[in-house]
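Engineer: here is a sequence with its predicted model. Questions after.
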Amino acid sequence: MNPGVAVASVTPSAARLTESLRDIGYDFSSAVADLIDNSISAGAEKIRVIMDFDGEDSRVFIADDGTGMTVNGVIESLRFGSRREYELGDLGRYGLGLKTASLSQGRSVTVVSRSPRMKEPQIRRLDLDLIAEYDDWIVVVPPSDTAIVRARELLAGDTGTVVIWDKLDRILPAKQANGGWAKRRFDGLREKLATHLSMVFHRFLSGEGDARRIEIWLNDERLSSWDPFQRAEPETKELGNESFEVMVGDLAGKVHLRRFILPSRNAFSSPEAFDQASGPLKWNRQQGLYIYRANRLVQWGGWGGTRAVDEHTKLARASIDFGTDLDAAFNINVAKMRVALPPQLKQMLGRPISELCILANNAYRVDAPRRRSNGVAGMSQEVSNGAEIGLAIKAALVRTGNFEALTAISDLLKQESPDLAKSLGF
Ligand SMILES: Nc1ncnc2c1ncn2[C@@H]1O[C@H](COP(=O)(O)OP(=O)(O)OP(=O)(O)O)[C@@H](O)[C@H]1O
Ligand SMILES: [Mg+2]
């Protein structure tokens, strides 16, 4: 095809583009998590997030003991669309995260990094106000200030990287950045961040499976992992796991599914443990699929468009694992916090997820407090209504490996006795 005659190169306006890239969907927690991805990719073992409240001079530091960057590496890291090869399993993909995540929260990002054999760390900064002034993607060597001194201390002579967020205009109010409101907001973000990181990186924090074990510290608190599946609870049940071959275009890869039924309140080891297991979005919205990309949780809660969230299935949680070879099939976004299940996979998940939800529903009802008053004579109260009988039949069919029979019975009943089918909940 004739490409046409080039007449101009329309280089983007740095001033305008950087401003619009601030709003591509990060919140504070997901922005920090994207930087932690970088630290993990750089082989870090200990990552420290420091949130320093000081009015207008408040700052966030994300420090790691990874491999650090070379002189050119530090500059390249600040390029929108960093040039780099990615290995399979690398958490990075777009060459954007460091810039977009950082600038979504503040107007200035500084990288302080030391690679092996480097005497002094390299320090470079991107500042939106400078970019706006010169309408160019300018990187500067900033003058030393207390934040840079702190970053140098955090590196303490070893290799690693510290990213500093400054001018936190998206976190602090323009006026009264010193006020009580600003402080409370800062503290609130810190609490949310702790829960977010404990969940998103839980496999790294506990060293589960092939995830490399890391430590994450938030100010002076060492974060522990939060297991969505509550596997330490004696009454948690796991159903059989399954693997699927997913092919989208010329992409092919394996997806793994694990299914869990968490104990109901009465069966939990303690009421506190039950509340803790609820998770940041609480029981109802934490039910569903937990989707992991290279061991990092990228989406949680809800059923990925395969079914609706329902109070009765709130004890059901399942993990889905895919590798970075399937990134395009899952449509991973830049902020690494949303994916779309490939349609073919959605279809394959139909049966195993229905099975899980039937059993979870059964577990929920069996343990639910009995509030029914109109028991039928001769029947115990548990089996006094159609939906309950239907559910018991469904659960028995699933437990005996007869899901196909369930589908057939359900179709037949719906056809021949729609009213009965309805009252049984089929
Ligand atoms: N903490 C770090 N330690 C070492 N190198 C880093 C660190 N953070 C960033 N880099 C380097 O800077 C580059 C740019 O990072 P950035 O997060 O912008 O993009 P990415 O990780 O390659 O892709 P993505 O946009 O998917 O995050 C990385 O590819 C990496 O080479
Ligand atoms: Mg990145």
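Structural biologist: Thanks, I have the structure now. Ligands and ions are numbered 1, 2, ... in the order given.
Engineer: what is the neighbour count of residue 132?
Structural biologist: Using other Cβ atoms under 10 Å, residue 132 has 16 neighbouring residues. C-beta coordinates here come from the backbone N, C-alpha and C atoms, glycine included.
Engineer: these two touch, right, it and residue 15?
Structural biologist: Yes. Between residue 132 and residue 15 there is a contact under Cβ atoms under 8 Å: 4.5 Å.
Engineer: leaving out the residues flanking it, which one is nearest to the closest residue to ligand 2 within the stretch 51-200 of the chain?
Structural biologist: Using Cβ to the ion, the closest approach of the stretch 51-200 of the chain to ligand 2 is made by residue 97 at 3.1 Å. Of all residues not flanking residue 97 in the chain, residue 34 sits nearest, at 4.3 Å (Cβ to Cβ, 6 or more residues apart in numbering).
Engineer: in this structure, which strand is the longest?
Structural biologist: Using DSSP state E to define each element, the chain has its longest strand at strand 251-261.
Engineer: in terms of secondary structure, what does the helix or strand that that one is followed by contact?
Structural biologist: Tracing the chain past strand 251-261, the next element assigned as helix or strand by DSSP states H and E is helix 271-277. When contacts are defined as 3 or more Cβ pairs under 8 Å, 6 or more residues apart in numbering; DSSP states H and E, helix 271-277 packs onto no helix or strand at all.
Engineer: so which elements touch the lengthiest helix in the chain?
Structural biologist: What stands out as the longest helix in the chain, according to DSSP state H, is helix 343-367. The contact analysis (3+ Cβ pairs under 8 Å, 6+ apart) places helix 343-367 against strand 242-248, strand 251-261, strand 316-322, helix 386-399, helix 403-416.
Engineer: got the angle between the fourth one and helix 343-367?
Structural biologist: Helix 386-399 and helix 343-367 meet at an angle of 120 degrees, taking axes from the mean of the first three to the mean of the last three Cα atoms, to 10 degrees as the criterion.
Engineer: identify the residues contacting helix 386-399?
Structural biologist: 355, 358-359, 361-362, 365, 382-383, 403, 405-406, 409, 420, 423-426 (Cβ atoms under 8 Å, 6 or more residues apart in numbering).
Engineer: out of the residues you listed, which are buried?
Structural biologist: The neighbour count (16 or more other Cβ atoms under 10 Å) marks 355, 358, 359, 361, 362, 365, 403, 406, 409, 424, 425, 426 as buried among these.
Engineer: any part of stretch 161-175 near ligand 2?
Structural biologist: No. Stretch 161-175 is not in contact with ligand 2 by Cβ under 5 Å from the ion; minimum separation 10.7 Å.
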